[in-house]
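[1] have a look at this prediction, sequence included:
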Amino acid sequence: MKTVTLDSLIPREDFEIISTLGSSGNTRNKATLSIEDLKYNSFFFSALRKPIFQRETNEWNTEKVCSMIESFVNGELVPAIILWRNQGGYIFVIDGAHRLSSLSAWINDDYGDGSISLSYFGNYISPEQKEIAQKTRDVVNKTIGSFKEILEISMNCIMENDSKKKEIAKNLGALALQLQWVEGDANKAEDSFLKINQSATKISDAELELIKNREKAYAIAARAIVRAGKGYQYWSKFSESGQNKILTYCKKIHMIMFGEGKSNADDINSLTIGGLQSSNLTLDVVTQTVKICNNIDRIEDAKKGTEENVEECLRNTLLILQYINSKELFSLGIHPFIYFYSDIGKHKVASYYGFLLFMKELIVKKQINLFVSTRGIFEQVIYQYSFLVQQIVRKNRQSKRAYTPIKDYFLEIMNIIKENPYFSAEEVVMKLRESDNFKYLQIEIVDNEVVSVKSNFSRGKKQQIKLKTFVSTLAKCPICKGYMDSKSISVDHIQRKQDGGSNALANGQVTHLYCNTTYKN
């Protein structure tokens, strides 16, 4: 499900921040919130903040954002917004960030792609974010009308025959949101936030983990990666050089995991190793990536969030991802679809986690060359028998518990091929099932396909047929026989230069970077 990114409309801040706004002795808090208060340049909105640990405001889809705006303009019941005011005068949203942000998006015409968002995200908005923003704007404008249009109707600047829009324009000035205020200090405000947000639209486990461990290095690193260093900077207290290093690392990691263009399931070469950038699983995927790459099995053992520790977390994560797929000379150029996607183009997060751990072990044990020597058959096995990973996940009940057994599955396949280099994919799997750890795997697939004469292909079958065809056209590395991803390749001399090879076209070939620069030599 694609969701609307409204995170920029209410900025984050620490509960303890001191401001020159307001006065700590002022107890005359507003009881309601009007349209004027939600304009970006209003006094109220300039003081409005989200807690530093608040999840991103990107949980709602187009329909829910539109429904919220429609409920407000129609005078329907909208739950009260709960706020807390610190001693410095900042106003923190304890509950209702999505409601406020949806209304503010309409009023300020910024659904994640306007001037507020552009400034917040460093003048870069991903294609996916732009697409869902424009879709939301179109739906809202069709259902309700743009705020500018409604305002012009109310001021008699334009004639309008739509009675519904006239009614909205007439009543808009009298509408307001009810406010409730939390009394007490910052600890009371944080307790209220967690209790309320766990009982309403529940905070995801990944978000709650980062909130509770926000002083840990891995949590700061994960926050940095999710938005490629854009948005609120949780590392802003570090030195300038430290901040610059963090930004450099997290941008590189984000690029490898999610790319910069829009993923398209119909184009397997556009798929990324980390899945969709705008998925509701993105934060969890990023957090698990950092934890796996940094040997974090127990949260209590995670390092404190010092500048040096955050840099180390990011550096370790980047190295493993660069080995998997990057433009570095040591990159293996792993094709995301072959390893991390189902036959209908859905990201298989358990395979991704397992391969991270597998790659980490190859690096530590200096077995990269061994993997490359087995890669051709290895990839035939994991692609042809991709359903086996799902059996491992089911046995272990969830992706996070399964990634170590999946790593062991990859290692077992590699070692079988090492001992039996002339085995076919089928023979490798039969040998695999002789192992005590994997004898439960079922390689006989029951064909439950319902076939009907003169019927159209279902949507799922069409996708399977397309992707199967695209895979058959993928180039393979002439050195290791593994699939190549166009984002991570090298042009190589077939006969090496030191052996007298020329620069003639006939002496050129495309290979994996690692195969050309390291394995071949």
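    Done, it's in. Numbers count the residues shown, from 1 in each chain.
[2] now the helix or strand of the chain at the bottom of the mean pLDDT ranking: buried residues?
    Within the chain, confidence by mean pLDDT, DSSP states H and E is lowest for helix 186-199 among all helices and strands, at a mean of 73. Going by neighbour count (16 or more other Cβ atoms under 10 Å), the buried part of helix 186-199 is 186, 189-190, 192-194, 197. Glycine gets a C-beta too; all of them are placed from N, C-alpha and C.
[3] need phi/psi at the residue nearest to L474 when sequence neighbours are not counted.
    Using Cβ to Cβ, 6 or more residues apart in numbering and skipping the chain neighbours, the partner closest in space to L474 is Y483 (5.1 Å). The phi/psi pair for Y483 (degrees, to the nearest 10) reads phi -70, psi 150.
[4] got it, and A133?
    phi -60, psi -50.
[5] gap between I413 and F355?
    When distance is defined by Cβ to Cβ, to the nearest Å, I413 is 12 Å away from F355.
[6] for the stretch 1-150 of the chain, which spans come out with low pLDDT?
    For the stretch 1-150 of the chain, the stretches flagged by pLDDT under 70 are 1, 16-28.
[7] could you pull up the residues touching I392?
    350, 402, 405-406, 409, 441 (Cβ atoms under 8 Å, 6 or more residues apart in numbering).
[8] for T404, same thing?
    T404 makes contact with 354, 357, according to Cβ under 8 Å, 6+ apart.
[9] which of the contacts of I392 has the weakest pLDDT?
    Ranked by pLDDT, the contacts of I392 bottom out at A402 (86).
[10] can you tell me the helix or strand for F410?
    helix 399-419 (DSSP states H and E).
[11] in that helix, what's buried?
    Those would be 399-400, 402-417, for helix 399-419 by 16+ other Cβ under 10 Å.
[12] before we move on, what about stretch 289-303?
    For stretch 289-303, burial by neighbour count (16+ other Cβ under 10 Å) applies to 289-294, 296, 302.
[13] adding distance to R223, write those residues out as TSV.
    Converted to TSV, these look like this (distance: Cβ to Cβ, whole Å):
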residue	distance to R223
T289	13
V290	10
K291	14
I292	17
C293	16
N294	15
I296	15
A302	14
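[14] now, which of those sits nearest A97?
    Top of the list for closeness to A97, among the buried residues of stretch 289-303 and by Cβ to Cβ, is V290 at 25.2 Å.
[15] next SSE after the host helix or strand of that closest one?
    Element membership for V290 (DSSP H and E) is helix 282-293. Later in the chain than helix 282-293, the nearest helix or strand by DSSP H and E is helix 307-324.
[16] what does the helix or strand following that following helix rub up against?
    On the C-terminal side of helix 307-324, the nearest following helix or strand under DSSP H and E is helix 336-340. The contact list for helix 336-340 (Cβ under 8 Å, 6+ apart) reads 268, 271-273, 275, 325, 345, 347-348, 351-352, 355, 379, 382-383, 467, 471, 474, 483, 485.
[17] mind redoing it with 6 Å?
    Outside helix 336-340, the residues that touch it by Cβ atoms under 6 Å, 6 or more residues apart in numbering are 268, 271-273, 348, 351-352, 355, 379, 383, 483.
[18] most neighbours among these, please name it.
    S351 (27 neighbours; other Cβ atoms under 10 Å).
[19] distance of it from L281?
    14 Å.
[20] where do the strands of the stretch 101-250 of the chain begin and end?
    Ranges of strands within the stretch 101-250 of the chain are 176-181, based on DSSP state E, counting those that start in this stretch.
[21] could you list the domains of this protein?
    12-203, 348-445 (automatic domain parsing).
[22] residues of stretch 434-443 that come out buried?
    So, applying 16+ other Cβ under 10 Å, buried residues of stretch 434-443: 438, 441.
[23] for the closest residue to A186 other than its chain neighbours, grab the count of nearby residues.
    Excluding the flanking residues, the one nearest A186 by Cβ to Cβ, 6+ apart is F15, at 3.9 Å. Residues near F15, counting by other Cβ under 10 Å, number 19.
[24] and the contacts of helix 336-340, which of them are in helices?
    Among these, the members falling in helices are 351-352, 355, 379, 383 (criterion: DSSP state H).
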